[in-house]
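Student: Kindly return the folded structure for what I paste below:
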Amino acid sequence: MKFQEQPSDILARLSELRDADAPTHGGRVLSYVYDSGVPELDELAAAAIRMVQPVNGLDPTTFTSVAVMEREVVAFARDMLGGDSSVVGTVTTGGTESCLLAVKTARDNWAGEGTPRLLAPVTVHAAFHKAAHYFGLELDLVPVLSDGIVDADVMIERLGPDVALVVVSAPSYPHAAIDPIAVIAAAAASQGIDCHVDACIGGWVLPFWKDLEPWDFRVEGVTSMSADLHKFGYAPKGISVLLTRGRDRQRAQYFATTRWPGYPVVNSTMLGSKSAGALAAGWALTRALGRDGLAELAASCARSTSFLVDLIEFIEGLRVVGSPVGPLMAIATDESVPEDRRVDPHHWADQVRTHGWMLQLQPGLAQQFGVTLPHTTHLTVTPVTERVMPELASALMTAASEVRGMAPISPADARDSLPDELLESLTEPLDSEAALRVLMEVGLVSKDSEGLPEKMAPFLALITAMPAPVTERLLTELIARTVE
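Tutor: Now for the predicted structure:
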């Protein structure tokens, strides 16, 4: 066969494209990527993916390897998360799909009338916003306390017959806080309400974290859990496990139809045809690591997390929000020190980037009937972090010294910096061209350069300043234009 382009040239081009990506190994990116620091695991995952490259995960009766691998991954997760023989599960393509299916299942099992309600803390993952939107539930968000933990009494007061599902986190992504799962799950069970534990980020590491109260299927009222293998299971994207207590409850997750002239369709997840690659990789890694290997990697994460918490508390002007559970944390300004000694977390994150490290900026949130959550910077810790800790610690301390005393960008100032004409345009629904003009005005899109601006603090301030529908429309346009 004559190729349009030579394979070697294509791979060389791909190598060039990858060179522009954020590094996925080496611990320089403290979000999105989960580097075990064990090259042999990467090689094993890659080999497993290659072996199942042509396999279609749509039909485990035709490709029986899919059924065996999924069965064994689910069994491993069930045992790790305190489940018994009544807990069954499915491998999904990621945490978002697991969360969507958990909500869809609860909605379909709900026996009430009218519009069902999804009850959750305001810190619940955005995937549940998507699920409520997709499946027609009312999203009822409960404010959290300053440490990021929801008040159990307030959650319980909001339970009622119209609630199809209550969701709690182990831990929440924004602040690494574990919600009061046992109390809330028990209250939900007493009213016949399903309770989902979102352990997408914690599910494969918290079982090996010390001194935690029961938070998984050992809690009787927990009816489902999501846990992502592509996070602290160190598998390639995207693979997650959704576990459900009770076969009859779980079967509502499926879609099946014989009402067309083609083959009978039975889907356990949102997708039909799907790659078996991530499943094979995740299956291989669970067999290679086992509980002992995961525990060893979790211990490394725990040591690094403890060190970083102490380091942040040592850096004048910064503080850790609450008491992080698991290998992640949120960093805010320490307002107990004089203003000229404070460190704004967004200026800090931007400055840390100039030293070769990428942290994740999180906007503040004014909660209804609750405290205002400050803007923060997020750090996710992985096993490889321990190896690079001296360099990382130096960069964090140096960057803090370089921006100490620099006033944060107030949302009001960020908004007032925009031209009046532009502000007036934001009062009307934005079409694609109008949204593009706004993005160019605020510096997120430029005709002269590719990528985002070096400093993201001004844009995060704008996100806080403007109504959510406006910022959501602008971000939609930004991502769409990036791909275009």
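Student: got the residue ranges for the strands in the stretch 251-400 of the chain?
Tutor: 255-257, 265-267, 318-320, 328-333, 360-362, 365-366, 372-373, 376-380 (DSSP state E, counting those that start in this stretch).
Student: Columns distance to residue 310, mean neighbour count and mean pLDDT on top of the ones you listed, output as TSV?
Tutor: The way it works is simple: take the backbone N, C-alpha and C, and place the C-beta from them, glycine included. As requested, the strands of the stretch 251-400 of the chain are exported to TSV (distance: least, C-beta to C-beta, whole Å; neighbours: other C-beta atoms under 10 Å; pLDDT from 0 to 100):
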stretch	distance to residue 310	mean neighbour count	mean pLDDT
strand 255-257	49	11	95
strand 265-267	48	15	94
strand 318-320	9	22	98
strand 328-333	11	25	98
strand 360-362	21	21	96
strand 365-366	27	14	90
strand 372-373	23	18	92
strand 376-380	13	25	98
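Student: Show me how this protein divides into domains.
Tutor: Under automatic domain parsing, the residue ranges defining each domain of the chain are 46-286, 411-483.
Student: Of those, flag the one that's most buried.
Tutor: Mean neighbour count (mean count of other C-beta atoms under 10 Å) peaks for domain 46-286 among the domains of the chain, with a mean of 20.
Student: ends of that domain, how far apart?
Tutor: 14 Å (C-alpha to C-alpha, to the nearest Å).
Student: what's the answer for stretch 227-237, then?
Tutor: First-to-last residue span, stretch 227-237, C-alpha to C-alpha: 13 Å.
Student: Let me see the mean pLDDT of it.
Tutor: The pLDDT scores in stretch 227-237 average 98.
Student: all helices for the stretch 351-484 of the chain, in order.
Tutor: Under the criterion DSSP state H, counting those that start in this stretch, helices of the stretch 351-484 of the chain are mapped to 389-403, 411-416, 420-425, 432-441, 457-465, 468-483.
Student: Mind giving me the packing neighbours of the fifth one?
Tutor: Yep, that's helix 457-465 we're talking about. helix 345-354, strand 360-362, helix 411-416 (3 or more C-beta pairs under 8 Å, 6 or more residues apart in numbering; DSSP states H and E).
Student: what does the first one contact?
Tutor: Just to be clear, that refers to helix 345-354. Residues from elsewhere that reach helix 345-354 (C-beta atoms under 8 Å, 6 or more residues apart in numbering): 318, 331-333, 358-361, 375-377, 395-396, 399-400, 402-403, 406, 408-409, 454-457, 460-461.
Student: got it, and stretch 387-394?
Tutor: With C-beta under 8 Å, 6+ apart, stretch 387-394 has contacts from 26, 27, 28, 37, 304, 307, 308, 311, 357, 385.
Student: Give the PyMOL command for selecting the buried subset of these.
Tutor: Selecting only the buried entries of those in PyMOL, with 16 or more other C-beta atoms under 10 Å as the criterion:
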select buried, resi 27+28+37+304+307+308+311+357+385
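Student: Tell me which of the contacts of stretch 387-394 fall in helices.
Tutor: Within these, residues falling in helices by DSSP state H are 304, 307, 308, 311.
Student: From those, pick the one nearest residue 446.
Tutor: Checking the ones in helices among the contacts of stretch 387-394 against residue 446 by C-beta to C-beta gives residue 308 as the nearest, at 34.5 Å.
Student: can you give me how far stretch 313-327 is from the chain middle?
Tutor: 20 Å (C-alpha atoms, centre = their mean, to the nearest Å).
Student: For that stretch, C-alpha coordinates in CSV please.
Tutor: Presented in CSV, the C-alpha positions along stretch 313-327 are these (Å, rounded to 0.1, in the frame of the first residue of the first chain):
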residue,chain,number,x,y,z
GLU,A,313,2.4,26.4,56.9
PHE,A,314,6.1,27.5,57.2
ILE,A,315,5.8,29.9,54.2
GLU,A,316,4.7,33.2,55.6
GLY,A,317,1.6,34.5,53.9
LEU,A,318,0.1,31.1,52.8
ARG,A,319,-2.1,28.5,54.6
VAL,A,320,-3.6,25.1,53.9
VAL,A,321,-7.4,25.1,53.8
GLY,A,322,-8.8,22.7,56.4
SER,A,323,-7.2,19.4,57.1
PRO,A,324,-6.5,17.6,53.7
VAL,A,325,-7.4,13.9,53.5
GLY,A,326,-5.5,12.1,50.8
PRO,A,327,-2.7,13.4,48.5
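Student: Return the set of buried residues in that stretch.
Tutor: 315, 317, 318, 319, 320, 321, 322, 324, 325, 326, 327.
Student: just those now: which is nearest residue 153?
Tutor: Within these, proximity to residue 153 (C-beta to C-beta) peaks at residue 322, which comes in at 18.5 Å.
Student: if I look at the closest one, how far off is residue 146?
Tutor: 8 Å (C-beta to C-beta, to the nearest Å).
Student: Strands along the stretch 101-250 of the chain, start to end?
Tutor: Under DSSP E, counting those that start in this stretch, the stretch 101-250 of the chain gives strands at 117-121, 138-142, 163-169, 194-198, 224-228, 240-245.
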